[in-house]
Each structure stands twice: as C-alpha cells, then as structure tokens.
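**Student:** curious how this folds, go ahead:
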Amino acid sequence: MKIVSYNVNGLRQRIAQFGSLRNLLNSFDADILCFQETKLPRQELTADLIMADGYESFFSCTRTSQKGRTGYSGVITFCRVKSAFSSNEVALPQAAEEGFTGLLKNSQTSKDELPFMADDLEEFSKDELISLDSEGRCIITDHTHFVLFNVYGPRAASDDTERIQFKKFFYSVLQKRWEYLLHQGRRIFVVGDLNIAPFAIDRCDAGPDFENNEFRKWFKSMLIENGGQFFDVFRAKHPDRREAYTCWSQNTGAEVFNFGSRIDHILFAGSCLHESCDHSFVRCHVKECDILTQYKRCKPENTPSAHRWKGGRSIKLEGSDHAPVFMSLHEISEVSLHSTPSLSARYVPMVHGIQQTLVSVLMKRKVSEQIKSCKMAPEDDAMDVTCEGEEPVNRAASSATSPNECRFPPSQVYKGSILKPNELSRGSSQEAVSKSLNESEKSVMHKCNKPHKKGRNSQWSQLSLRSFFQKSTNLDNDVNGSSYTDYSSSQAEPSQPNPQLHETPTVSDHSTSPKQCSLDTDACDQDLAGPKDSSTKEEKSNVASLEWQRIQQLMQNSIPICKGHKEPCISRVVKKQGPNFGRRFYVCARAEGPASNPEANCGYFGWASSKSRNK
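**Tutor:** Numbers count the residues shown, from 1 in each chain. Alright, predicted model coming up:
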C-alpha cells in the first residue's frame, strides 16, 4: 500500500489546479492521502471539496478565530476503498478521531478518564487542552495494523513567545498520546508537516546555532538513534542524501535554486508485523520512501537559472510551496471485515445534506427568488391579492424579496404554482423548470402592482448609460406618454436582468439635452458627432498613450539597480508590526539561493525614499 503526506497550502487551489478533487487524489495513485493546511472553514465545507467517489475522508477544521486563524490550518485524510461497508481493506480505518486530546470526541469527558494524561499536565485546564485541537491540526485513523496520525505542526517565529509556548504544549501532549499507544503495543505512523527540520543536512542555511533550537532537540530525542522510539523513515532509507527539501519560501522564489528545508516527515514507531522477527518494521515492510518532486511548482528544466523568479521574464509557478512525501509498504495483510467509522465525511449532516439537495437547490433558486415573493392563491380566488408590509418569515429563501412585495398566506404557497416542491426534487430538466418559471412569472407579475413591475423591468437599464438617451420602445402604446426610463423606480429593488437591455440600441434620441449627453461622452460622440470628432478622439488617445509611456519611464528610472547583477530591483513592503511597518524597500529581483551561486539573489537591500514612505 502507498501512503502520501502533502501540505496542499489551500485545498481549493489544488482542486482548481487539477480540475476536480478526484483528479487530484487519483494523480497520486495512493491508498491513503494525508493533506495539511487545507484552509477550509467548517461553515464553507461542501461535498465537492472533501468527498470523492472511491474515497472515504476524515477531516478537522479550525474551530477558533483568534488572530485571524479561521480557515488557516486544517487537515484531512482520504482513504481509497472499494467498499465503504463491510470491507477488509487496510486503507479503510476501523476507527477515527478528530484531534489527539480525546476531548473533542465527547465534550463531557473529564481529564481523569483520559489515561494518557500524565501528572505533569494536571496544571492545565480542560479548556486549555481543548485549545490544542481547536486549530484543526490532527486527525487519527486506526488501520488495525497501525494507528496513523495526520499532523500539521504549529509554526512559531523566534520572537513570538505566545506561539512558542503553544508549540511546546502541543508536542508535549501529543507525545503523551504516542507513548500511551506504544505502551499498549500499538504501531504508530506520524505523517505531516511538523514545521521542524531536524538536522543541518535538512536545512539550506543551517547556521552555527541551528542545533540549539529546542524543537530540533525534542525531535531528535524522539528518534531511535538517540534513545527514542521513532524512525525517521526518509532518513532510514536515504541517510546521506543532501538537498532533499520539501518546503521553499514563496516570497523569495527559493524553489528556483532548491533553497529550502525538509519539514514534511513520515515517522514510525513499533514492532515488525512478522511474528518472532527481530527485524524492524522499516526494514521488513517499508519498500520505498521519497519526495515527489514532480509536484514542485518550479521545474528546473522549465526555468533557466538566469531568469528572474518575479517580473516580466518569470514563469507562472502553479502548486503548493511544499512537495509531497510518500511511503510504499508491502506484506501488509488484510484485516477483518469492518465498515466506515462514524467520523467519515459521508456521515457529517452539513456535508451529507448539501450533497443530497444540491441539484434541487440549484433548480429551485430562481423560482424561490421570483415566485415566493408573490405567492398565488387558489384559482377561484386568484384576483384577491393584497400587499403586506411585514418581513418575510424565511429570510434565506427570500433574500431578493422586498418587504412591500405581494405575498399570500404560507399555506397557499404552491396551490397555484405550476412547479411543486416534490417535482423539483425529482430531477426535472432545466428546460422544463425555465419554461414553468416563465409562465408562473407572467401570471404572478400580472397580479402584482404596476410600480413594482416597472422597477423590476427597468433596474438593469443602468448597465448602459446609452439606454437613458434611447426612446422607449413602447412609446406609442404608453398611455402616460413617458419617453424615458424612470431612474428612481429602477433602483426600487433587485431583480433578474432582462436580456433585451443588453442589446445595442439602433435608434438614438437626438433631442437629448447637452447636459444629459455629458453623462456618456463616448456614446454621444459616436452617435452625434461626425468624422472630425472621431479623428479628435483618436488624437486624444495617442496623447494619453504617450503620456503613460513617459510616466512608466520615470517610474523605471526611479527603481535602483542591484550591485550583483546590475538589474532593476523589485519593491516590497514591510508587513511585520514594528517601527518600519508599511515602509517600502527594494531588493534584488532574483530568486533566493546559496551564496556560492552567482545566478542567485545577490543580497541587495535598500530602503525607498522617505517621500515614498509618506505616500
């Protein structure tokens, strides 16, 4: 079987990149896929984002909005299965859990009922422990032979003491959970973006103080070569490989020169599956473990090193700023029959409901917006129409309804309607719905008062200013003799656009006053002016073009030249809070890379003038 770990840096973007979620998943040809940093708020989850045919999914989303972290992290595990019910496949878990404290599964659980909670955690409250799972950073799936942790580790800047403490707390409690499972004799896989590069060989710019980082020390203490219980599976297979990175800075284009770090890992702890075997699990069952470099945004063969990563000569980099890591296992026997755990996305009401009613919602949307506002009574009482001034009971279904529109008692909603709710949900064709809608709309709008009808028909006339100077098409039939669209009534309420209003008028009103004509100079010039005015317009366009070229040249001359390559720099703005926040500066336009590479960024830096800063 094959397991993949991938920080997608936004699942929506990756789905758009591959065309669909299923295309994305199938591209890996894997049995289990663990994604991190999905950036999917729970309230925005839909079936097309987290469910695909042939896969069961288990997700965790951010539950907090502190410091703008809503929709920031998030993890999801996809398991490829032939059957979600009564299956003996290892890929289909027999149990699943969101988070790792055990408190999200049942909010009534007390700390005393969690056996992995050690005495050194008694100082923390239940709410503090729940906060570890509130950022959507872990999903646990039990695959019988092993327990799989899909983890997105917290990032903490060196000067952010609050996040540093959170990161320490996060890994301290997570380690307690691992130790508890290992004490029970379970095997554990930990995959994901842990935001830790353990060794100097795993970091492009490892300095003299690299080894002193407390999180690196913790990571290495977990490894079996330092007395811990975990294998770093990639290093076990490739102990001496250099420049094997999985993450690159987006802001500096470091991927062009492979100037990154290895922070995406696959760790394993536990015994071999073979009975009476002294060999390790990695030696007996891990066939291969490597980085899927074909998923990198920047391909060396497509990006000459002399090209700047940002600017007119750069190419578009499509994809995540991480590369996936995979592991293939062999000699993994099947397990006993079991079905999908209840945590699966297929059993989540908000997702399941959207999937069941998606077609009917799309087909009924236009009907609900236009017909619900003017509900029809029984045919024998069809003329008994009154306008009510109260607010709609169902705001969601009547978002386009004005409080002053015609409406009927709720009990009579569908009595006179051509389309009934059950007919809409039975898969009626779009053509039938459209035809029925037009008939219903005509009948309903005939019974509504005239001012509303006029407002609904004329609102979209604002799409073209020329329509203000066009005579009404039904001028001869208008009993009031009105020649122009009523601008005030056209803003009365929102409505569906009239396709006829988008057509170009063939007859202009030459009686339009000069003041009205000034509203749309181009239109009036074209309709009322002669060839001389056309040439004047063309001359003005040429003058404007020359002036814009002059401005661009001035801007180009103000950009400094980097000292290393004698090329124009690029400007950036300080986004970090502090005395220089918002200040503009210039840097070398080339991608970041090793200092030994003359084609890489030369390190030029210069502040913009104070005048630019004040702007």
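
**Student:** how does the chain divide into domains?
**Tutor:** 2-347, 549-607 (the TED database).

**Student:** and the end-to-end length of the last one?
**Tutor:** In this case it means domain 549-607. 26 Å (CA to CA, to the nearest Å).

**Student:** so for it, mean pLDDT?
**Tutor:** Mean pLDDT, domain 549-607: 82.

**Student:** same thing with stretch 173-190?
**Tutor:** On average, stretch 173-190 scores 96.

**Student:** give me the residues contacting it.
**Tutor:** The contact list for stretch 173-190, computed with CB atoms under 8 Å, 6 or more residues apart in numbering, reads 3, 100-101, 115-118, 121, 129, 132, 138, 145-149, 151, 222, 229-230, 265-271, 281. To be clear about C-beta, it is placed using only N, CA and C from the backbone, and glycine gets the same treatment.

**Student:** I'd like to know how far P349 sits from S342.
**Tutor:** Using CB to CB, to the nearest Å, P349 is found at 12 Å from S342.

**Student:** these two: which has the busier surroundings?
**Tutor:** S342 (10 against 7; other CB atoms under 10 Å).

**Student:** so that one sits in a helix?
**Tutor:** No. With DSSP: H, G, I helix; E, B strand; the rest coil as the criterion, S342 is coil rather than part of a helix.

**Student:** quick one, what contacts it?
**Tutor:** Per CB under 8 Å, 6+ apart, neighbours of S342: none.

**Student:** what ranges does the stretch 501-615 of the chain have for its strands?
**Tutor:** 570-573, 584-587, 605-607 (DSSP state E, counting those that start in this stretch).

**Student:** next, the buried residues of the shortest one.
**Tutor:** Along strand 605-607, not one residue counts as buried under the neighbour rule (16 or more other CB atoms under 10 Å).

**Student:** outside of that strand itself, list whatever touches it.
**Tutor:** 560, 569, 583-587.

**Student:** mind checking which of those residues are buried?
**Tutor:** Buried among those by 16+ other CB under 10 Å: 569, 585-587.

**Student:** closest to L337 among the residues you listed?
**Tutor:** The closest of those to L337 turns out to be V587 (CB to CB; 60.2 Å).

**Student:** my guess is the closest one contacts I570, does it?
**Tutor:** Yes. Counting by CB atoms under 8 Å, I570 is a contact partner of V587 at 6.4 Å.

**Student:** mind listing the strands for the stretch 1-150 of the chain?
**Tutor:** 2-7, 32-36, 55-60, 75-80, 95-98, 138-142, 147-152.

**Student:** so the next helix-or-strand element following the last one versus strand 147-152, what angle?
**Tutor:** Taking DSSP states H and E as the definition, the helix or strand that follows strand 147-152 towards the C-terminus is helix 161-183. Relative orientation of helix 161-183 versus strand 147-152 (axes from the mean of the first three to the mean of the last three CA atoms, to 10 degrees): 170 degrees.

**Student:** buried sites along helix 161-183?
**Tutor:** Neighbour-count burial for helix 161-183 [16+ other CB under 10 Å]: 164, 166-167, 169-171, 173-178, 181-182.

**Student:** re earlier: would CSV of the strands of the stretch 1-150 of the chain with distance to E243, mean neighbour count and mean pLDDT be doable?
**Tutor:** Shown next, in CSV, are those (distance: least, CB to CB, whole Å; neighbours: other CB atoms under 10 Å; pLDDT from 0 to 100):
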stretch, distance to E243, mean neighbour count, mean pLDDT
strand 2-7, 19, 24, 98
strand 32-36, 23, 29, 98
strand 55-60, 33, 25, 97
strand 75-80, 28, 25, 98
strand 95-98, 36, 19, 96
strand 138-142, 30, 24, 98
strand 147-152, 24, 24, 98
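
**Student:** S320: which of those strands is closest?
**Tutor:** strand 2-7 (6.2 Å).

**Student:** can you list the strands that that closest one pairs with?
**Tutor:** strand 32-36 (parallel), strand 325-329 (antiparallel) (DSSP bridges).

**Student:** now these in CSV, with distance to L24?
**Tutor:** Shown next, in CSV, are those (distance: least, CB to CB, whole Å):
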stretch, distance to L24
strand 32-36, 9
strand 325-329, 15
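
**Student:** flag the shaky bits of the stretch 201-350 of the chain, pLDDT-wise.
**Tutor:** 299-317 (pLDDT under 70).

**Student:** on that earlier part again, let's have the strands of the stretch 1-150 of the chain in a markdown table, adding distance to G260.
**Tutor:** Shown next, in a markdown table, are the strands of the stretch 1-150 of the chain (distance: least, CB to CB, whole Å):
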| stretch | distance to G260 |
| --- | --- |
| strand 2-7 | 12 |
| strand 32-36 | 16 |
| strand 55-60 | 27 |
| strand 75-80 | 22 |
| strand 95-98 | 31 |
| strand 138-142 | 24 |
| strand 147-152 | 18 |
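
**Student:** thought S73 was touching T62, still the case?
**Tutor:** Yes. Counting by CB under 8 Å, S73 is a contact partner of T62 at 5.7 Å.

**Student:** overlap in contacts, the two.
**Tutor:** Joint contacts of T62 and S73 (CB under 8 Å, 6+ apart) are 135-136.

**Student:** and the gap between R216 and D202?
**Tutor:** Taken as CB to CB, the span from R216 to D202 is 9 Å.

**Student:** tell me which of these two has more neighbours.
**Tutor:** More crowded of R216 and D202, by other CB under 10 Å: D202, with 24 against 19.

**Student:** once you drop chain neighbours, what's closest to the more buried one?
**Tutor:** R262 (4.0 Å; CB to CB, 6 or more residues apart in numbering).

**Student:** the one you found and I196 touch, don't they?
**Tutor:** No. At 9.5 Å, R262 does not count as touching I196 under the criterion of CB under 8 Å.

**Student:** that'll do, ta.
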